[in-house]
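Asks: coordinates only, sequence not included:
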């Protein structure tokens, strides 16, 4: 099988694309790749429901490994967890397409969302970081010579954060996104891969408007068949109320 290697390295307080260097794909692997706060965990839940065909709650972080995360596990530990999985693997990434190896035998799902919603959701998210989380991010930044500083604290006012997020990436050469990852460049990088048959684009608004229809489209892309009687159960389990 062919692979298009990553062409760019991304190193931020939270992500490090080099952690994918030792990844060995299996035929049928799934990578859910999104900019933060675009519906990543929601898509992990949807894919998990389709893979396991069971509405029971699961610990998403246990069954769907986030390889590029800089904290919580070493690269070797993260890849060992992936290698030990026996179910059809579905992995998480927040990297742009040019920061990931694109393997022909792997299916990639990119979820997009209105940037205004992304920014405000992201502000709410990082404003709620615990002291432990901030310590992890500070340590990652101080320990990386390309960053060499603590994690930037967000302005308390959402409007102030929004205006800064639009023009400040937080790192040299990053034009927006504030914490080291450009929203616009991330979306552009995936859009450039739209011709690949193993890349699926999903929009957050479409999931909200027609969850049943979008889940069927995702299942078709993944070559997963679901018994008719099970569909309403899985769709209900994927809804926000559940």
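Replies: Good, I have the coordinates. Computed from a predicted structure; not experimentally measured.
Asks: going by C-alpha atoms from here, please, whenever you check contacts or count neighbours.
Replies: Fine.
Asks: now tell me what touches the lowest-mean-pLDDT helix or strand in the chain from outside.
Replies: Lowest by mean pLDDT, DSSP states H and E among the helices and strands of the chain is helix 60-63, with a mean of 93. Contacts of helix 60-63 from elsewhere in the structure, counted by CA atoms under 8 Å, 6 or more residues apart in numbering, are 41, 44-45, 85, 89-90.
Asks: so which bits of it are buried?
Replies: residue 63 (16 or more other CA atoms under 10 Å).
Asks: check the average confidence over the helix or strand following that helix, would you?
Replies: Next helix or strand after helix 60-63 toward the C-terminus (DSSP states H and E): helix 75-84. Average pLDDT, helix 75-84: 96.
Asks: buried residues in helix 75-84, which are they?
Replies: For helix 75-84, the neighbour count (16+ other CA under 10 Å) marks 75, 78-79, 81-82 as buried.
Asks: which element follows that helix toward the C-terminus?
Replies: Taking DSSP H and E, what comes next after helix 75-84 is strand 90-93.
Asks: now do the helices in this protein.
Replies: Ranges of helices in the chain, per DSSP state H, are 40-52, 60-63, 75-84, 115-126, 131-142, 158-165, 183-191, 204-209, 211-221, 231-238.
Asks: for residue 183, see how far away residue 169 is.
Replies: 9 Å (CA to CA, to the nearest Å).
Asks: between the two, what contacts are shared?
Replies: The contact lists of residue 169 and residue 183 share 176-177, where a contact means CA under 8 Å, 6+ apart.
Asks: between the two, which is the more surrounded one?
Replies: residue 183 (23 against 19; other CA atoms under 10 Å).
Asks: and the pLDDT at that one?
Replies: 98.
Asks: what are the phi and psi angles of the closest residue to it other than its chain neighbours?
Replies: The shortest distance from residue 183 to any non-neighbouring residue, by CA to CA, 6 or more residues apart in numbering, is to residue 177 (5.6 Å). Torsion angles at residue 177 (phi, psi; degrees, to the nearest 10) stand at phi 100, psi -20.
Asks: next up, the contacts around residue 177.
Replies: Contacts of residue 177 by CA under 8 Å, 6+ apart are 165-170, 183.
Asks: same check on residue 178?
Replies: With contact set as CA under 8 Å, 6+ apart, residue 178 has these partners: 164-171.
Asks: hmm, back to that, and the least confident helix or strand of the chain, how far out from the chain middle?
Replies: 13 Å (CA atoms, centre = their mean, to the nearest Å).
Asks: going forward can the numbers begin at 35, since that is how I track them
Replies: OK, 35 is where the count begins now, so the last one is helix 94-97.
Asks: now the contacts of residue 212 in TSV, with distance to residue 237?
Replies: Compiled in TSV, those are given as follows (distance: CA to CA, whole Å):
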residue	distance to residue 237
198	25
199	21
200	21
201	24
202	25
203	24
204	27
205	28
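Asks: which of those lies closest to residue 166?
Replies: residue 204 (21.0 Å; CA to CA).
Asks: surely that closest one touches residue 186?
Replies: Yes - the criterion here is CA atoms under 8 Å, and residue 204 meets it with residue 186 at 7.4 Å.
Asks: picking up where we left off before, got a ChimeraX select line for the buried ones in the contacts of residue 212?
Replies: This is the ChimeraX syntax for the buried subset of the contacts of residue 212, where burial follows 16+ other CA under 10 Å:
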select :198,199,200,202,203,204,205
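Asks: appreciated, that's everything.
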